[in-house]
Structure formats: structure tokens, C-alpha cells
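J.: give the three-dimensional model of this entry:
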Amino acid sequence: MEAVHAHEHGHEHHPSGIMRWVTTTNHKDIGTLYLWFSFTMFMVGGVMALIIRSELFQPGLQVVNPDFFNQMTTLHGLIMVFGAIMPAFVGFANWQIPMMSGAPDMAFPRMNNWSFWLLPPAALLLIISLFVPGGAAAAGWTLYAPLTVQLGMGMDLTIFAVHILGMSSIMGSINIITTILNLRAPGMNMMKMPLFVWTWLITAYLLIAVMPVLAGAVTMTLTDRHFGTHFFNAAGGGDPVLFQHIFWFFGHPEVYIIAIPAFGVVSQVIPAFSRKPLFGYTSMVYATSSIAILSFLVWAHHMYTVGMPVQAQLFYMYATMLIAVPTGVKVFNWVATMWKGSLTFETPMLFAIGFLFLFTMGGFSGLVLSITPVDIQLHDTYYVVAHFHYVMVAGALFSAFAGVYFWLPKWTGRMYDETLGKWHFWLTMIFFNVTFFVQHFLGLAGMPRRIPDYALQFADFNMISSIGAFGFGLSQVFFLYIVLKAIRSGEKSPERPWEGADTLEWTMLPTPAPYHSFETPPVIK
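T.: Model prediction:
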């Protein structure tokens with residue numbers, strides 16, 4: 001009643017300072033929280049990667065002990081996937097989906113706040129797991145049984161963290177789906193939505209489908225550890241390979257949960273700087289949907305070495321190759337969008353083209369690994385590490401940078417320094433390739449992954465890779481400087497920051513647009 005009374009007299013209570021951020025239900029605030037959290041976790045995960053690379057700078061054991069090395073590989077993977085990449089794209093979703101679809105806010109603003117605030121405690125649990133007796137789970141981010149059944153208390157904290165992260169993802173997805181299906185502007189039908197909105201609709205369905213599967217896998221691990229079950233314990237009639245099946249049934253769609261929003265960002269950036277609409281909009285929607293569906297049918301290509309029947313190996317091989325078709329459609333559509341466009345190469349466009357080039361390369365090495373006999377040779381070597389970093393870092397991270405540079409003027413009202421942005425791109429691009437390209441050669445030569453020490457013949461490429469990694473890490477500190485400089489003292493952004501380009505970002509809005517894209521949406525009371 002008081003709130004109504006205050007509202008009628010025009011003095012609503014708005015918390016300020018820290019409470020504004022703790023209690024906010026505004027989709028823009030929550031998007032900002034996700035993005036800053038994601039960058040913080042990116043830095044934490046990056047430090048862990050640098051610990052790994054400094055140990056591998058030379059053969060022999062010099063920096064950390066092998067157990068701690070294994071804990072670093074586990075936490076680097078979990079933190080980068082669940083703490084850095086996924087929250088970054090959820091941040092984009094929170095900022096952009098209401099504005100791109102003409103919704104006043106997300107469908108469930110309070111739940112939106114909650115799904116963000118579950119993340120910091122989960123991240124804290126992962127980091128605390130380093131400091132408990134026995135240390136963090138040293139099983140790799142895939143948490144394979146039977147090792148996870150024997151590890152210390154850090155494993156329990158990891159399981160708890162994974163549950164909380166899963167809750168956050170599921171709530172965020174429910175919110176995104178409801179917003180897109182129910183709150184679109186009048187006149188905007190499904191096939192008029194910007195592609196970024198489409199990619200998130202598809203991603204949200206994937207998340208709701210697979211996060212409970214991961215929760216099941218880690219819960220079974222938990223009951224094996226403490227309640228006398230034998231799901232994954234062969235001595236009790238269980239099967240460690242069962243864990244791999246459950247995990248990868250989550251894990252493969254998860255790769256696309258990370259990649260598909262990245263496709264969405266790139267599908268906004270490339271048309272804008274090509275000054276023409278996206279080529280083949282409808283085929284892009286269908287290609288994205290078919291990638292999502294196929295991603296459920298290929299999980300055991302991560303498991304060619306477990307002794308599957310040859311018929312199953314053939315099925316997974318052909319199904320995996322099939323995913324290359326819709327992915328190829330998307331790549332050709334992006335290239336066709338640029339073809340004969342009036343291109344300019346501002347930082348967002350550079351990162352989008354970098355994405356295109358490197359992600360395609362990661363796709364090709366994935367095609368190599370889909371071939372069963374080849375994968376049996378390369379399984380658990382550095383070739384796999386190189387492959388998925390080309391997909392994850394070049395795929396997700398490059399498109400996230402493209403998105404930040406593209407939308408920063410819209411979010412902050414200020415422009416970043418274009419020269420510094422280009423420097424950031426070239427440093428990132430060069431050091432990324434120095435770090436990961438040579439890992440293909442290491443893998444082909446037979447260097448296994450997740451080892452703290454290695455044979456002498458791998459020394460040179462490892463040294464190159466480690467130098468690249470430190471360069472890459474420092475380049476991201478430079479990125480932080482660019483963003484802070486833009487927020488604090490950047491030039492005021494013009495109403496149309498990408499002259500002649502920004503309108504295309506909104507071409508999908510219905511003709512009688514509900515409000516101009518650069519105004520605050522009307523608050524529906």
C-alpha cells in the first residue's frame with residue numbers, strides 16, 4: 001500500500017550505491033553485472049592458464065607440483081566455460097534482447113536478479129576448493145569417474161558449484177524464452193526477429209534440455225562418494241563409461257550453447273559493417289536450429305577410445321560430419337553478406353572477421369577429429385586442445401569482443417578509442433595463433449594433454465606456446481584499459497555511432513517501431 005501511495009505522489013524509492021546493484025531488476029543493470037562478472041572470471045581463469053603455460057615453458061618440473069597443475073587444468077576449464085564465456089553471452093542477452101525485440105524488460109525481472117546473484121557464490125565455491133584438504137578436483141573439467149569418486153572435499157565443493165551454476169542457467173533460459181515468445185513488439189513475428197534474438201531462443205532451449213543432465217551426472221558422483229551407490233564403480237557393478245555418456249550428452253550441446261550466441265553477435269556485426277542486410281536470413285535460422293538438434297546426436301564422438309562397437313563409431317562419425325553442413329551454410333552466408341558490401345574495418349568488424357577465419361579453422365580440425373581412426377590416434381593429445389581453443393577462444397571470445405566494441409557506445413553513450421581497439425585486435429589475433437597453432441603440431445607428434453612434464457622433443461613448440469599465452473593474457477589487460485577509458489573519458493557517442501551501419505542492426509524491427517532504437521524503452525506500468 002505504501003508503495004502505491006509513494007508512487008501516486010511521484011517519489012518512488014530507488015536504492016543507491018551497492019544496494020542498487022544487489023536489488024536491481026533492470027535488464028541493463030543485470031546485463032552489466034553479468035559482463036563484469038564474466039570479465040573478472042576470465043582474468044581468474046586466465047591466470048590459471050598462465051600457471052599451466054609457465055610450468056610447460058620448459059621440460060621438467062619447476063613451477064608447481066603435478067597435483068596443483070592438475071587442479072589448475074580442472075579449474076581453468078570450469079571457470080572459463082561456466083564463469084567467463086557463458087555469463088558474457090547472458091550479459092549480451094540481458095542488454096540486447098529486450099531492446100531488439102521491443103520488450104519493456106525481461107519477463108521475470110526478480111528471477112533475472114536471482115539468476116545473476118547465484119553466480120558469484122558458485123565461483124567462490126570453485127576457488128575455495130583449492131584451499132580445502134586434498135585441494136580442488138584434479139580430474140580435468142570433464143570430472144571423469146572413477147577418479148572423482150576418490151578425490152577429496154574439493155570435489156564436493158565443485159559438485160555444489162556445478163549445481164548452482166546449472167540453476168542460474170535454467171532460470172536465465174526460462175526468462176529469455178518467455179521474453180522472446182511473449183513480449184515482442186506488435187508486428188514483429190518470429191521471422192522478423194534480429195538473428196541475435198533467434199540464436200538466444202535456440203540456446204535457451206538447449207540449456208534447459210542439458211543442464212539437468214549434468215546435474216544428474218554430478219549427483220550420481222556425489223551419491224557414489226558418500227551414500228554407497230555404485231553408478232560409476234566397476235567393483236560394485238557400475239560403469240565409469242556411463243559417466244562419460246551422461247557427461248557428454250550435456251557436454252556436446254554445451255559447446256553449441258557457447259557457440260550459437262556467438263553466431264548471433266557476428267550475424268549483427270557483419271551486416272552492419274558491410275552496409276547490407278544479412279544474406280540468407282531464413283537459411284541462417286534453419287541452419288542454427290539444425291545445429292542445435294544435431295548437437296544432441298553426436299556426443300560419443302568424444303568417446304571413440306572407450307571400446308564402442310564399430311557400428312556406433314560409424315554412426316557418431318557420420319552424424320558429426322553432418323554438423324559441418326549447417327555450420328558451412330552459416331560461414332558462406334557471412335562471407336556472402338560481406339561480398340560486394342561497402343566494408344569498413346572498425347574494431348567490431350575486425351573481431352568478427354577474425355572469428356570467421358579462426359572459427360572455420362577450428363571447424364576443420366573438428367572435422368579431422370570426427371574421423372574415428374584419426375581421433376583414436378589424436379585423442380587426449382594437444383591436437384584436441386588446439387582444436388577446441390580455436391572453437392572456444394576464437395569462436396566465443398572473439399565474437400564477445402566484437403559485441404562489446406559494437407554495443408559499448410549504445411550501453412555507455414561513449415566511444416572507445418578506435419586506434420587502441422585495433423591494437424587490441426591485432427595483439428589478440430597474433431598471440432592467439434602463436435599460442436594455439438603450434439599445439440596442432442605437438443598433438444600430431446603425440447604430446448598428451450594435462451601433463452606437467454613432457455619429453456624433450458616437444459620443448460620448442462611448448463616454449464613458443466607459452467610465450468604466446470603471456471602475450472595473449474597481457475593483451476586482455478589492455479582491453480580492460482580500453483573499456484575503462486571509454487567509460488570514464490571517451491568521446492560522447494553520436495546518436496548513430498556506426499554511421500550508415502547502425503540502422504541495419506535494427507532492420508528486423510517492424511516498420512512502426514515501438515520506439516527509436518537509441519531511446520530508453522517506454523516503461524509499461
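J.: any idea how far A145 lies from V218?
T.: 10 Å (C-beta to C-beta, to the nearest Å). Bear in mind the C-beta positions are built from the backbone N, C-alpha and C, glycine included.
J.: so those two - more neighbours on which side?
T.: Here A145 and V218 are compared on neighbour count by other C-beta atoms under 10 Å; more neighbours surround A145, at 26 against 23.
J.: where does that one fall, phi/psi-wise?
T.: Here is the backbone geometry of A145 (degrees, to the nearest 10): phi -70, psi 160.
J.: how about P494?
T.: phi -60, psi 160.
J.: can you give me the distance of it to F89?
T.: Counting by C-beta to C-beta, the separation of P494 from F89 is 27 Å.
J.: can you pull out the helices in the stretch 1-150 of the chain?
T.: Remark: helices assigned in the stretch 1-150 of the chain by DSSP state H, counting those that start in this stretch are 2-8, 18-23, 27-55, 66-78, 86-101, 109-117, 119-128, 147-150.
J.: related to what we said a few turns ago, more neighbours, P494 and F89?
T.: Per other C-beta under 10 Å, whichever of P494 and F89 has more neighbours is F89, with 28 against 12.
J.: quick one: that one and A400 touch, right?
T.: Yes. Using C-beta atoms under 8 Å, F89 makes contact with A400 at a distance of 7.0 Å.
J.: what sits in contact with each of those two?
T.: Common neighbours of F89 and A400, using C-beta atoms under 8 Å, 6 or more residues apart in numbering, are 262, 265.
J.: spatially central residue for this protein, please.
T.: I85 (3.1 Å; C-alpha atoms, centre = their mean).
J.: what residues are up against that residue?
T.: 38, 258, 392, 396-397, 400.
J.: and the furthest pair within those residues?
T.: Farthest pair in the contacts of I85 (C-beta to C-beta) is S38 and M392. Separation: 13.9 Å.
J.: for this protein, what spans make up the strands?
T.: Counting by DSSP state E, the chain has no strands at all.
J.: so, low pLDDT: which residues of it?
T.: Scanning the chain for pLDDT under 70 picks out 1-13, 499-525.
J.: biggest helix in it by residues?
T.: Determined from DSSP state H, the single longest helix within the chain is helix 240-274.
J.: pull out the buried residues from that helix.
T.: Neighbour-count burial for helix 240-274 flags 240-241, 243-244, 246-274 (criterion: 16 or more other C-beta atoms under 10 Å).
J.: can you check stretch 377-390 too?
T.: Judged by neighbour count using 16+ other C-beta under 10 Å, the buried positions of stretch 377-390 are 378-379, 381-390.
J.: do stretch 196-215 as well
T.: 196-211, 213-215.
J.: follow-up on the earlier one: compile the contacts of I85 into CSV and extend it with columns for distance to F461.
T.: Listed next are the contacts of I85 as CSV, based on distance: C-beta to C-beta, whole Å:
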residue, distance to F461
S38, 31
I258, 27
M392, 20
A396, 25
L397, 22
A400, 28
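J.: which of those sits closest to P104?
T.: Distance to P104, by C-beta to C-beta, is smallest for S38 among the contacts of I85, at 25.0 Å.
J.: is it correct that the closest one is in contact with N94?
T.: No. If you go by C-beta under 8 Å, S38 and N94 don't touch, sitting 11.6 Å apart.
J.: and these two? Which one has more around it.
T.: The neighbour comparison of S38 against N94 (other C-beta under 10 Å) goes to N94, with 28 against 22.
J.: give me the distance between that one and L444.
T.: Counting by C-beta to C-beta, the gap from N94 to L444 is 42 Å.
J.: could you do M211 as well?
T.: For M211, the distance to L444 equals 35 Å [C-beta to C-beta].
J.: that older thread, Y281 is nearest to which of the helices of the stretch 1-150 of the chain?
T.: Nearest to Y281 among the helices of the stretch 1-150 of the chain is helix 86-101; the distance by C-beta to C-beta comes to 14.2 Å.
J.: could the C-alpha coordinates of that closest one be exported in CSV?
T.: What follows is helix 86-101, C-alpha atoms only, in CSV (Å, rounded to 0.1, in the frame of the first residue of the first chain):
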residue,chain,number,x,y,z
MET,A,86,28.5,-18.3,-20.7
PRO,A,87,27.9,-15.3,-18.4
ALA,A,88,29.3,-13.0,-21.1
PHE,A,89,26.7,-14.0,-23.6
VAL,A,90,23.9,-14.0,-21.0
GLY,A,91,25.1,-10.4,-20.3
PHE,A,92,24.6,-9.6,-24.0
ALA,A,93,21.2,-11.3,-23.9
ASN,A,94,20.1,-9.2,-21.0
TRP,A,95,21.1,-6.0,-22.5
GLN,A,96,20.1,-6.6,-26.1
ILE,A,97,17.1,-9.0,-26.2
PRO,A,98,14.5,-6.5,-24.7
MET,A,99,15.8,-3.7,-26.9
MET,A,100,16.0,-5.8,-30.1
SER,A,101,12.5,-7.3,-29.6
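J.: now for it, which elements pack on it?
T.: Where contact means 3 or more C-beta pairs under 8 Å, 6 or more residues apart in numbering; DSSP states H and E, helix 86-101 is packed against helix 27-55, helix 154-182, helix 195-226, helix 240-274, helix 398-412.
J.: any chance of those in CSV, plus distance to A469?
T.: Listed next are these as CSV, based on distance: least, C-beta to C-beta, whole Å:
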stretch, distance to A469
helix 27-55, 4
helix 154-182, 25
helix 195-226, 28
helix 240-274, 20
helix 398-412, 16
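J.: among those helices, which is nearest L358?
T.: helix 398-412 (6.6 Å).
J.: show me what that closest one is packed up against.
T.: helix 27-55, helix 86-101, helix 240-274, helix 347-370, helix 418-444, helix 459-489.
J.: what's the separation between the nearest residue to A234 once chain neighbours are set aside and T142?
T.: Take A234 and drop its neighbours on the chain: the residue closest to it by C-beta to C-beta, 6 or more residues apart in numbering is P240, 6.5 Å away. The gap separating P240 from T142 is 12 Å, by C-beta to C-beta.
J.: again with T327
T.: Relative to T142, and taking C-beta to C-beta, T327 is found at 23 Å.
J.: the more surrounded of the two?
T.: Each of T327 and T142 has its neighbours counted (other C-beta under 10 Å); T327 has more, 23 against 15.
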